[in-house]
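**Q** Dropping the sequence and predicted coords here.
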Amino acid sequence: MKNEGFRYSDCPMHRSMAILGTKWKPIVIYALRERTARFGQLHASIGSISRKVLTTTLKELEQDEVIFREEFKEIPPRVEYSLTERGKALLPIMYELVKWDKEYCEISEHK
């Protein structure tokens, strides 16, 4: 987690944003909302994220116990990512953001 000072703040918004406060973290959480995915699948579904940023984002979300990283001892090695209970608890917030977007941020409004 980059915002270490926020982690121990008295403000709940500071603490929450220390976990969710990058552009990509909510997108990764939303991409994992109904499935388990491998790195390549996540990268393909998100599209515009670099591999390096996705790697960093996944590591930070795992450190914050929002996602679970399961490593399979196979040849070739396989890793899958899924939401923890803590991560699943964020889904209602993600769904509200989608609802807000549909109501206030339609693409047609910007044309």
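**A** Alright, I've got the coordinates. Numbers count the residues shown, from 1 in each chain.

**Q** Please report phi then psi for the closest residue to Thr22 other than its chain neighbours.
**A** Counting by CB to CB, 6 or more residues apart in numbering, Thr57 is the residue found nearest to Thr22 once chain neighbours are left out, at 6.8 Å. Where C-beta positions appear, they are placed from N, C-alpha and C, glycine not excepted. Note on Thr57: backbone dihedrals following degrees, to the nearest 10 are phi -60, psi -50.

**Q** Please enumerate the helices of the chain.
**A** 4-7, 12-20, 25-31, 39-46, 51-63, 85-88, 91-104 (DSSP state H).

**Q** Could you single out the most deeply buried of the ones you listed?
**A** helix 25-31 (a mean of 20; mean count of other CB atoms under 10 Å).

**Q** chain center to that helix, what's the gap?
**A** Centroid displacement of helix 25-31 relative to its chain, using CA atoms, centre = their mean, to the nearest Å, is 3 Å.

**Q** C-alpha coordinates for it, PDB please?
**A** This file holds the C-alpha atoms of helix 25-31, laid out as PDB (Å, rounded to 0.1, in the frame of the first residue of the first chain):
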ATOM      1  CA  LYS A  25      -7.900  -0.900  -8.200                       C
ATOM      2  CA  PRO A  26     -11.700  -0.400  -8.400                       C
ATOM      3  CA  ILE A  27     -11.500  -1.600 -12.100                       C
ATOM      4  CA  VAL A  28      -9.700  -4.700 -11.100                       C
ATOM      5  CA  ILE A  29     -12.200  -5.400  -8.300                       C
ATOM      6  CA  TYR A  30     -15.000  -4.900 -10.700                       C
ATOM      7  CA  ALA A  31     -13.400  -7.200 -13.300                       C
END
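
**Q** average pLDDT across it?
**A** Taken as a whole, helix 25-31 carries a mean pLDDT of 96.

**Q** Would you mind listing the outside residues contacting that helix?
**A** Helix 25-31 is contacted by residues 19-20, 37, 42, 45-46, 49, 54, 57-58, 60-61, 66-67, 83, 87, 90-91, 94, 97-98 when judged by CB atoms under 8 Å, 6 or more residues apart in numbering.
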